[in-house]
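1. The following block contains a protein sequence and its predicted model.
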2 protein chains.
Amino acid sequence: MLVVDDEPALLRAVGAALKARDYDVATVGTGQAAIDAIALAPPDLVVLDLGLPDLDGIEVCRRVREWSDVPIVVLSAEGSEARKVLALDQGADDYVTKPFSTAELLARIRVALRHRNHAAADDDDAVLRVGDVEIDLARHVVDVGGRKVDLTPKEFAFLALLARWPGRVLTHRTILQEVWGPEYGSESQYLRVYASQLRKKLDDDPTRPRLITEPGVGYRLVDPAAEPEG
Amino acid sequence: MLVVDDEPALLRAVGAALKARDYDVATVGTGQAAIDAIALAPPDLVVLDLGLPDLDGIEVCRRVREWSDVPIVVLSAEGSEARKVLALDQGADDYVTKPFSTAELLARIRVALRHRNHAAADDDDAVLRVGDVEIDLARHVVDVGGRKVDLTPKEFAFLALLARWPGRVLTHRTILQEVWGPEYGSESQYLRVYASQLRKKLDDDPTRPRLITEPGVGYRLVDPAAEPEG
DNA sequence: GATTGGCGTCAAGATCGCGTCAAGATTTGT
DNA sequence: ACAAATCTTGACGCGATCTTGACGCCAATC
């Protein structure tokens, strides 16, 4: 459990409440220190104050989310609507406004931990593999059978999303919201365009497809070798 | 997306906001109706007002959580600390206090949907099984005695709906509304056509039928092995 | 025994969704 | 500010899917 805050008073208060509940607690005072700490040894959860001296807290959220799914509960004095929405959309799992009650904070932390427990085991190799497709999340590099493939950001995000759930259908809406952003959801034309481009770049064989269309539903990525045809 | 509230005004407001974002929205006015609706066809998410005429909202939470992981965002006028903590501990994924901003509610809904997408892999693949018919909801694949069966979207939805309630009769109206949409209800000719196509594709033996017609009522799906002919 | 209503089956036409291409528009990098 | 890359948008063909109407069957009813 990592608490990120630059006010010693709050740091002590929150830390004490958590320790009283027998959580292991570490504390840091800057955004950069938080990112480093999470990268070094991912905690079970991060309590993140938005008012940091170095980086904007939302920026910390965004950066951490590029390679980690660690739950993040944001604390903030600012009640600003837009900031709240932005933080949540950039990867925060909850947003608690100061002054807050300790009981509520703890309850929301329990919810976040519950979600994490339900989530799939995080062996974040930072490299996803589906058949002969290799996706290096950190380096943004894709490899197909040893051949490097040059993808645009959206193409990469699309492929990486599908690769996180091999074989599983992701709906049009899900893909749009994860790749294009929360305000999208019905622009399925984008998906057709990008699916087409991906198939071309991945050199997908239509008789043994890697990227499969589920008509009316969405797309899924499979390992053609592991998926015998019925 | 299911919105549960007994105030028509709020129902309309939240419903409209969601529909504007292209979510499919259904609404009910009581806790019992909510539980029934979730059991029949689990929505992607539930927006649950705590102030219901029949059941306590927290009780609804608790009951639904016994068999479903559907994300629940609670709305409430009561700001009471204890109620908030209780709701969160009883399975609510978020708690928004009235008056709330639509933008924030939508952002929190997006967070809940994100969690759902990340968590959905561990409930081992959500495979429905009725006799030798296997329906993999996540992969959108149907298997009959080891043979893969290719179904159209409507055929799949029809079969999946019946398979969710093995042996139980679903009425024409229910099936039409769940598969074709809320504006349908009397087009029972569709059902005859699709039932016929399903029987053909499932290779259904008329002497040991899997898909059974209840004349004048609806259809049900049974395990022929478990249901000896009388 | 004729009639009626619900069901199963079939097939033709209408519709919808998908893949593809390419031309702007926008963003990004230099 | 310019050039390149990327994203967005419209158009089009095609095939799968859905819808619709017709017809025969069966059982219940009169």
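-> Great, that's in hand.
2. I would like the residues contacting the lowest-mean-pLDDT helix or strand in chain A, please.
-> Lowest by mean pLDDT, DSSP states H and E among the helices and strands of chain A is helix A:57-65, with a mean of 88. Here helix A:57-65 makes contact (C-beta atoms under 8 Å, 6 or more residues apart in numbering or on different chains) with A:4, A:31, A:34-35, A:38, A:46, A:48-52, A:70, A:72, A:74, A:76, A:83, A:86-87, A:90-92. (Each C-beta comes from the backbone N, C-alpha and C, glycine too.)
3. continuing past that helix, what's the next helix or strand?
-> strand A:72-76 (DSSP states H and E).
4. just the angle between that next one and helix A:57-65, please?
-> 170 degrees (axes from the mean of the first three to the mean of the last three C-alpha atoms, to 10 degrees).
5. Buried residues, stretch A:106-122. List them.
-> Buried residues in stretch A:106-122, counting neighbours by 16 or more other C-beta atoms under 10 Å in any protein chain shown, are found at A:106-109, A:111-116, A:118-119.
6. Equivalent analysis for stretch A:81-96, please.
-> So for stretch A:81-96, counting by 16+ other C-beta under 10 Å, buried means A:83-96.
7. now do stretch A:38-48
-> A:38, A:42-43, A:45-48.
8. These also near DNA strand C: which ones?
-> Filtering those for proximity to DNA strand C by C-beta under 7 Å from any atom of the strand leaves nothing.
9. which of the buried residues of stretch A:81-96 lies closest to DNA strand C?
-> Within the buried residues of stretch A:81-96, the smallest distance to DNA strand C is 15.4 Å, found for residue A:90 (C-beta to the nearest atom of the strand).
10. Residue A:24 touches residue A:3, doesn't it?
-> No. If you go by C-beta atoms under 8 Å, residue A:24 and residue A:3 don't touch, sitting 11.1 Å apart.
11. Who has more neighbours out of these two?
-> Taking other C-beta atoms under 10 Å in any protein chain shown, residue A:24 and residue A:3 do not tie; residue A:3 has more neighbours (27 against 10).
12. In a strand, that one, correct?
-> Yes. Residue A:3 sits within a strand when classified using DSSP: H, G, I helix; E, B strand; the rest coil.
13. does it really touch residue A:11, like I thought?
-> Yes. Proximity of residue A:3 to residue A:11 meets the contact threshold set by C-beta under 8 Å, at 6.1 Å.
14. where do the contact lists of the two overlap?
-> Counting by C-beta under 8 Å, 6+ apart, the contacts common to residue A:3 and residue A:11 are residue A:27.
15. Give me the phi and psi for the residue nearest to residue A:176 when sequence neighbours are not counted.
-> In space, and not counting its chain neighbours, residue A:176 is closest to residue A:184: 4.2 Å by C-beta to C-beta, 6 or more residues apart in numbering or on different chains. Note on residue A:184: its backbone torsions stand at phi -100, psi 160 [degrees, to the nearest 10].
16. give the contact list for residue A:184.
-> Residue A:184 sits next to A:176-177, A:190 when contact means C-beta under 8 Å, 6+ apart.
17. what's the longest helix in chain A?
-> helix A:102-118 (DSSP state H).
18. Check the separation of the first and last residues in stretch A:71-85.
-> 17 Å (C-alpha to C-alpha, to the nearest Å).
19. Centre of the chain to that stretch, how far?
-> 18 Å (C-alpha atoms, centre = their mean, to the nearest Å).
20. Need the residues that contact it.
-> A:5, A:10, A:14, A:44-51, A:57-58, A:61, A:64, A:87, A:91-98, A:100, A:105, A:108-109, A:112-113, A:115-116, B:101, B:103-104, B:106-107.
21. residue boundaries of the strands in chain A?
-> For chain A, the strands defined by DSSP state E occupy A:2-4, A:26-28, A:46-49, A:72-76, A:94-97, A:127-130, A:133-136, A:141-144, A:147-149, A:170-171, A:211-214, A:218-221.
22. Run through the neighbouring helices and strands of the second one.
-> Translated: strand A:26-28. strand A:2-4, helix A:31-40 (3 or more C-beta pairs under 8 Å, 6 or more residues apart in numbering or on different chains; DSSP states H and E).
23. show me where pLDDT drops low in chain A?
-> Where chain A drops to pLDDT under 70, the residues are A:119-125, A:227-230.
24. Up against DNA strand D, what does it have?
-> So chain A meets DNA strand D at A:150, A:152-155, A:180, A:187, A:189-190, A:193, A:215-216 (C-beta under 7 Å from any atom of the strand).
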